[in-house]
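1. build me a model from this:
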Amino acid sequence: MDTGLLHLHNLLRWIILLLLLVTLFQAFSKSPGIKKTSLFLLISAHIMLLVGLYQLIAGRYGIMNGLPDNVESLMKDKFYRFFWVEHPLMMFVSIILITIARGKAKVLNYKAAGWLLLVALLLVLAAVPWPFRDIIGQNRSWFPGM
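-> Okay, the predicted model is just below:
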């Protein structure tokens, strides 16, 4: 189950990035289609939040499993610091920004929605464990399981 949820989490990453780019483009081009696209982005982001919270709490490396014996401190170990602190914090903030941007998009406040979505996109790009970033001591693939 953990592997399947990890793959779902990874798949949702690509959906959210695509929807973020489309919604951002609509915000800066002042397209009224932003209402529907921002709703799909909001739904995807909140589903991703639920899957991520499960992984953070009860997943393979979740908090309920505790730190391994050979780890001295959470903040000294780059794997646990990234997946228990940095990644969840940045993603949580980006989901808050996406939620606020959805409210702005509903009333067609394009400028505010666009800037909120831009900051959310930058946070998402910074917080994703990309294969070229050696954050976790091992390379992760672009599409795990494929």
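
2. give me the low-pLDDT residue ranges for the chain?
-> For the chain, applying pLDDT under 70 flags the ranges 135-140, 144-146.

3. show me where it has helices.
-> For the chain, helices defined by DSSP state H occupy the ranges 2-28, 34-58, 78-81, 87-106, 110-127.

4. make TSV out of the ones you listed and add mean neighbour count and distance to D69.
-> Any C-beta I mention is one placed from the backbone N, CA and C, and that applies to glycine too. Shown next, in TSV, are these (neighbours: other Cβ atoms under 10 Å; distance: least, Cβ to Cβ, whole Å):
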stretch	mean neighbour count	distance to D69
helix 2-28	17	21
helix 34-58	17	20
helix 78-81	16	13
helix 87-106	19	23
helix 110-127	19	28
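
5. how about TSV for the ones you listed, with distance to E72 added?
-> Written out in TSV, the entries for the helices of the chain read as follows (distance: least, Cβ to Cβ, whole Å):
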stretch	distance to E72
helix 2-28	25
helix 34-58	21
helix 78-81	11
helix 87-106	21
helix 110-127	24
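
6. nearest to D134, out of those helices?
-> Between D134 and the helices of the chain, the shortest separation by Cβ to Cβ is 9.0 Å, and it involves helix 78-81.

7. so how far is the closest one off the chain centroid?
-> Mean C-alpha position of helix 78-81 versus that of the full chain (Cα atoms, centre = their mean, to the nearest Å) differs by 17 Å.

8. against which helices or strands is it packed?
-> In terms of contacts (3 or more Cβ pairs under 8 Å, 6 or more residues apart in numbering; DSSP states H and E), helix 78-81 is packed against no helix or strand at all.

9. how about A113, nearest residue that isn't a chain neighbour?
-> Distances taken as Cβ to Cβ, 6 or more residues apart in numbering put K104 closest to A113, at 4.0 Å, once the chain neighbours are dropped.
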